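Enquirer: 3D, please:
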Amino acid sequence: MKKIYHKETFDNIPEEKRLRLLQASIKVMGQKGFSNAKIEDIAREMGVSYGSIYTYFATKEDLVHTIITMGIEIQRKAFEPLAEYVDTFSHIQSILERSLKIGREQPELICLWHESSLPYNAQFSDHTSELYRQGVLEWKSVLKKGVSRGDIREDIDIDTIAFIMNAIASQLLRYNMSDFQKSKRAVHFSRNLDDPIPDIMENLKKMLA
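Expert: Residues are numbered from 1 along each chain as shown. Predicted coordinates:
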């Protein structure tokens, strides 16, 4: 059974308000860092009273856990195929494109996910590990289907390639996370810094087909 970190009152408010609260929290904590961000900062960003945040979450940690849970759902949707049947490489490309888009549109969210995985935030380690495990399992499923359909070579090692694919997607998520991450583009890609996916796909097909 999926653990719920928010109070029942959070479910009773309109979805639009729930999303605004989470986005305000993501923005503040993604920019300031979990330790430095205060509930007052989030309330100010959202334009509500300080006490109203505690109406929905008992602690700041519960708020972060709720955002991680949201991330697990975002990741699950990123792996959904675009149609009833698409060839495996079109599916892989759509996953990578969605990863790049999420990172471009929500860099603070990626910062918060990253921070929640660091040793000094061990209280989130089991939950962020669930996010990671889900991604790996999704990649293994995509690759196994690709092999069964004949799109991908039978002699590949699923575990190794799933590790590589997850690493690629993770880097694309971080592609716009900070100036440092942006500076890495030129190290990896010289032709198209804003959209490296065509180059990635060209080489993945050579490696896997």
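
Enquirer: Any chance you could list what contacts stretch 22-29?
Expert: 37, 41-42, 45-46, 63-64, 66-67, 70, 106, 108-109, 112, 115 (CB atoms under 8 Å, 6 or more residues apart in numbering). Placement of C-beta: from N, CA and C, glycine included.

Enquirer: one more time with 10 Å, if that's ok
Expert: Contacts with stretch 22-29, where a contact means CB atoms under 10 Å, 6 or more residues apart in numbering, come from 6, 10, 34-48, 53, 57, 60, 63-64, 66-67, 70-71, 106-113, 115-116.

Enquirer: Quick one: list the elements packing against the helix or strand that contains residue 64.
Expert: Here residue 64 sits within helix 60-78, counting by DSSP states H and E. Other elements packing on helix 60-78 under the criterion 3 or more CB pairs under 10 Å, 6 or more residues apart in numbering; DSSP states H and E are helix 8-11, helix 15-32, helix 39-46, helix 50-56, helix 88-105, helix 107-116, helix 125-149, helix 158-173.

Enquirer: Any chance of TSV for those helices, columns mean neighbour count, distance to residue 76 and mean pLDDT?
Expert: Output for the helices and strands packed on helix 60-78, formatted as TSV (neighbours: other CB atoms under 10 Å; distance: least, CB to CB, whole Å; pLDDT from 0 to 100):
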stretch	mean neighbour count	distance to residue 76	mean pLDDT
helix 8-11	12	20	92
helix 15-32	18	17	91
helix 39-46	18	26	90
helix 50-56	15	23	89
helix 88-105	19	11	94
helix 107-116	22	14	88
helix 125-149	16	7	93
helix 158-173	18	13	94
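
Enquirer: Just put the ones you listed in a markdown table and tack on distance to residue 200.
Expert: Formatted as a markdown table, these follow (distance: least, CB to CB, whole Å):
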| stretch | distance to residue 200 |
| --- | --- |
| helix 8-11 | 39 |
| helix 15-32 | 26 |
| helix 39-46 | 36 |
| helix 50-56 | 40 |
| helix 88-105 | 7 |
| helix 107-116 | 18 |
| helix 125-149 | 14 |
| helix 158-173 | 6 |
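
Enquirer: Out of the ones you listed, which is closest to residue 2?
Expert: Proximity to residue 2 (CB to CB) singles out helix 125-149 among those, at 10.1 Å.

Enquirer: The closest one vs helix 107-116, what angle?
Expert: Between the axes of helix 125-149 and helix 107-116, defined by axes from the mean of the first three to the mean of the last three CA atoms, to 10 degrees, the angle is 110 degrees.

Enquirer: Residue 207 versus the nearest residue to residue 45 once chain neighbours are set aside, what's the distance?
Expert: Once flanking residues are discounted, residue 45 sits nearest to residue 24: 4.3 Å by CB to CB, 6 or more residues apart in numbering. Residue 24 is 42 Å from residue 207, where distance means CB to CB, to the nearest Å.

Enquirer: ok, now residue 182?
Expert: 27 Å.
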